[in-house]
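Novice: the following block contains a protein sequence and its predicted model.
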Amino acid sequence: MRVTKNRRTRVVLLVMIVVIIGLAALLAILMMRKETSSTALFMKQSMVNANGTIASYLKEAPSTDPNVVAGREALSESVGLWMQYTLLVEDKSDFDNSYQLLNTYFMSPQHYIRWKLEPDGQSRVNTYALGDDLRIVSALLDAYGRWNKPEYLATAKEITDTLWAQGLNNGYLVDYHDFQHDTSSNLLSLTYIDTLAFERMKQYGLISDELYTRHLELLRTIPNDGLFYPRTYDVTTGQYGYDKQVNLIDQLIIGLHLAEMKQPPDKLVAFMKQQFAQDGHLYGRYDAKDHQPAVKYESPSVYGLAILLAVQMDDREWAQQLYDRMIMFRASEGSDRGGYVSDGDTHAFDNLLALLAETTLQQTR
């Protein structure tokens, strides 16, 4: 009886130890998830205007052209990217704040999203930016699926109804419609064929089967020059537009959407890996003909998108190499801590994509 009792005691102790270790591990995971990224803190502390909108740049600068972003002006692009981040970290409060800012400042009476605002929330533009709209619609529908708030779905429907009524040209969505002059672009930037957004719109009945198939088929059958993809498609002539200097951001966005369709951009990834192994980094632009670097700068947004693509392709080793390089550009101390600041300035796009990449990589480890 004494031996049996001792054995039972040891078993009970072993079970208690396992439970304690398990609880400690769970607590560590929960604490890690709740720990706010230093880049997110930088965005909140340094990149937010008095009215709550996200500033495009850290430094103030006067706007000299309503079609070009400057200084503390705010972009609908930033709204969508921040919404995506709040969804990743399941922060409903921050998402709701972005939703309120969207309705208060960016949404026009015609139910299109103004692509740019002045720092005080006023707008001098009469167009939307298709890629930003689709990103926001996708985020709203994801949020509706997660938190079941009817307003999210209603707003997504308002935006898409406007796109179908005013944004179609020859059966395709195009980059913008000018509501003041009632004119539309002839070009569809291929980066704007957001596969997840189209999937969500189909899921919630916000797009016809015909339009869904037409747009995704355009992406599915996209040509290339042997390595790089075209940037635009002329919906009136059916011609593709290639850049002489290729921006890796455009290539990576297209590649990411293709990977989401289970059609990964293997040649593009092989090229980037070769360049990274050769130079120890990636440049922002490359010559389309000789594939040599066309600029001398690196971009956190390039690394951020490359990380997201690597994660999508389940290439964790490559993602980690890119991450290690990316955070070399992140300030580790001082008032800019967490920000991807260079020469005293930074762009929200670089920080937001780096933040999305960092968070995604952490959550998939």
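Specialist: Ah, there it is.
Novice: all helices for the protein, in order.
Specialist: Using DSSP state H, the helices of the chain run over 2-34, 38-46, 76-88, 92-101, 130-147, 150-166, 195-203, 209-220, 248-260, 266-279, 300-312, 316-326, 348-363.
Novice: tabulate the ones you listed (JSON lines), appending mean neighbour count.
Specialist: Every residue, glycine included, has its C-beta placed from N, CA and C. Listed next are the helices of the chain as JSON lines, based on neighbours: other Cβ atoms under 10 Å:
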{"stretch": "helix 2-34", "mean neighbour count": "10"}
{"stretch": "helix 38-46", "mean neighbour count": "19"}
{"stretch": "helix 76-88", "mean neighbour count": "22"}
{"stretch": "helix 92-101", "mean neighbour count": "17"}
{"stretch": "helix 130-147", "mean neighbour count": "22"}
{"stretch": "helix 150-166", "mean neighbour count": "18"}
{"stretch": "helix 195-203", "mean neighbour count": "20"}
{"stretch": "helix 209-220", "mean neighbour count": "15"}
{"stretch": "helix 248-260", "mean neighbour count": "23"}
{"stretch": "helix 266-279", "mean neighbour count": "15"}
{"stretch": "helix 300-312", "mean neighbour count": "25"}
{"stretch": "helix 316-326", "mean neighbour count": "18"}
{"stretch": "helix 348-363", "mean neighbour count": "22"}
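Novice: any idea which of the ones you listed scores lowest on pLDDT?
Specialist: Mean pLDDT per stretch puts helix 2-34 lowest among the helices of the chain, at a mean of 52.
Novice: still on that earlier bit, can you say which of the helices of the chain is nearest to residue 226?
Specialist: Of all the helices of the chain, the one in closest proximity to residue 226, counting by Cβ to Cβ, is helix 266-279 (7.8 Å).
Novice: can you check what angle separates the closest one from helix 248-260?
Specialist: 130 degrees (axes from the mean of the first three to the mean of the last three Cα atoms, to 10 degrees).
Novice: which helices and strands does helix 266-279 pack with?
Specialist: On a contact count with 3 or more Cβ pairs under 8 Å, 6 or more residues apart in numbering; DSSP states H and E, helix 266-279 meets helix 248-260, helix 300-312, helix 316-326.
Novice: can you put the ones you listed in TSV and add distance to residue 120?
Specialist: Shown next, in TSV, are the helices and strands packed on helix 266-279 (distance: least, Cβ to Cβ, whole Å):
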stretch	distance to residue 120
helix 248-260	29
helix 300-312	27
helix 316-326	33
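Novice: which of the ones you listed sits closest to residue 196?
Specialist: It's helix 248-260; of these, that one is closest to residue 196 (Cβ to Cβ) at 6.1 Å.
Novice: now do that closest one: everything it contacts.
Specialist: If you take Cβ atoms under 8 Å, 6 or more residues apart in numbering as the criterion, helix 248-260 is touched by 189-191, 193-196, 219, 222, 228-229, 231, 243, 264-265, 268-269, 272, 282-286, 299, 301-302, 305-306, 308-309, 312-313.
Novice: can you give me the end-to-end span of stretch 323-333?
Specialist: Across stretch 323-333, the terminal residues are separated by 19 Å (Cα to Cα, to the nearest Å).
Novice: no, scratch that, I was asking about stretch 312-321
Specialist: End-to-end distance (Cα to Cα), stretch 312-321: 15 Å.
Novice: again with stretch 257-273
Specialist: Terminal residues of stretch 257-273 are spaced 19 Å apart (Cα to Cα).
Novice: related to what we said a few turns ago, ok, which of the helices and strands packed on helix 266-279 comes nearest residue 340?
Specialist: Smallest distance to residue 340 across those (Cβ to Cβ): 4.3 Å, for helix 300-312.
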